[in-house]
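Undergrad: how would this look folded up:
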Amino acid sequence: MKYALVTGGSRGIGRAVCIQLAQDSEYHILINYNSNKVAAEEVKAAVEAHGKTATLLPFNVTDATAVQTALDTWQDENKDAIIEVIVNNAGITKDGMFMWMPQEDWHTVINTSLNGFFNVTNHLVQKLLRNRYGRIINMVSVSGLKGNPGQTNYAAAKGAVIAATKSLSQEIAKRNITVNAVAPGFIKSDMTADLDEKELKKMIPANRFGAVEEVAHLVSFLASKKASYITGEVISINGGIYS
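TA: All right, here's what the predicted structure looks like:
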């Protein structure tokens with residue numbers, strides 16, 4: 001059986017991606033989450049409502065040992081299972097002006113987005129190479145492309161993942177494995193709930209925040225065989241705010 005793994009799959013964009021992949025593909029969905037089991041269970045139920053199957057896979061992407069243990073244990077229990085799609089979606093923000101930023105806020109954000117990408121992808125990439133097929137999709141941000149005041153840590157993390165996306169894509173393209181990044185702008189989700197939407201949408205040519213489902217459609221396309229000649233790309237989805 002073939003699988004798609006979505007990190008941070010219990011809420012927001014990750015939740016929408018799990019449900020969209022269930023609608024668009026034949027993949028069994030692996031829903032990774034860190035602490036919110038109730039939300040993850042709800043996503044599993046939503047996937048199953050579309051007639052597909054899902055498995056909860058709890059681990060903290062920042063903990064390399066926990067990542068390896070969880071994935072290896074799951075693989076041991078599912079000998080014939082093949083993960084073909086990896087969506088590195090787990091990420092957090094700890095916004096604040098750089099001059100007052102505590103070390104912990106710097107490291108936590110870098111660890112989740114950048115080291116989380118490494119811990120999950122590095123552990124699985126050899127299997128993708130052996131299977132000579134795969135899709136790696138990294139959720140980044142408009143902040144990683146243009147920067148954003150108050151988000152030096154987040155911009156640094158996402159900018160690094162963008163550079164890693166471009167490099168890794170060149171290493172493994174010959175094995176039919178694509179590596180792309182999706183860079184959302186302002187999307188309605190838990191992460192943007194505290195933002196002043198009325199004020200911010202004045203900066204957005206489309207004059208609105210995006211929906212998580214719109215991002216999920218793009219991820220689903222990149223995860224499909226239709227996107228086989230797209231690799232090393234950073235695709236913005238931001239209503240025209242920055243291209």
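Undergrad: middle-most residue in this protein, spatially?
TA: Centroid check for the chain by C-alpha atoms, centre = their mean gives residue 89 as the closest residue, at 1.9 Å.
Undergrad: identify the residues contacting that residue.
TA: Counting by C-beta atoms under 8 Å, 6 or more residues apart in numbering, residue 89 makes contact with 6-9, 13-14, 17, 139. Where you see a C-beta, it was placed from the backbone N, CA and C, and this is true even at glycine.
Undergrad: how near is residue 39 to residue 31?
TA: To residue 31, residue 39 is 10 Å away according to C-beta to C-beta, to the nearest Å.
Undergrad: outside of the helix or strand hosting residue 200, which residues touch it?
TA: Assigned by DSSP states H and E, residue 200 falls within helix 197-200. Outside of helix 197-200, the residues within contact range by C-beta under 8 Å, 6+ apart are 186, 188, 209.
Undergrad: pLDDT score for the residue nearest to the centre of the chain?
TA: In this model, residue 89 is scored at 97, pLDDT.
Undergrad: against residue 215, how distant is it?
TA: For residue 89, the distance to residue 215 - C-beta to C-beta - is 10 Å.
Undergrad: mutual contacts of those two, please.
TA: 13, 17.
Undergrad: so where do the strands sit in the chain?
TA: 2-6, 28-33, 54-58, 82-88, 134-139, 177-184, 234-237 (DSSP state E).
Undergrad: point out where this structure drops to low pLDDT.
TA: Residues of the chain that meet the criterion pLDDT under 70 lie in 191-193, 195, 243.
Undergrad: how many other residues sit next to residue 39?
TA: By other C-beta atoms under 10 Å, the residues close to residue 39 number 18.
Undergrad: okay, the strands of the chain in JSON lines with distance to residue 126 next?
TA: Formatted as JSON lines, those follow (distance: least, C-beta to C-beta, whole Å):
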{"stretch": "strand 2-6", "distance to residue 126": "15"}
{"stretch": "strand 28-33", "distance to residue 126": "18"}
{"stretch": "strand 54-58", "distance to residue 126": "19"}
{"stretch": "strand 82-88", "distance to residue 126": "11"}
{"stretch": "strand 134-139", "distance to residue 126": "11"}
{"stretch": "strand 177-184", "distance to residue 126": "11"}
{"stretch": "strand 234-237", "distance to residue 126": "25"}
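Undergrad: dump these to TSV, plus distance to residue 73 and mean neighbour count.
TA: Putting the strands of the chain into TSV (distance: least, C-beta to C-beta, whole Å; neighbours: other C-beta atoms under 10 Å) gives the following:
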stretch	distance to residue 73	mean neighbour count
strand 2-6	14	24
strand 28-33	13	26
strand 54-58	10	19
strand 82-88	14	24
strand 134-139	21	25
strand 177-184	24	24
strand 234-237	33	18
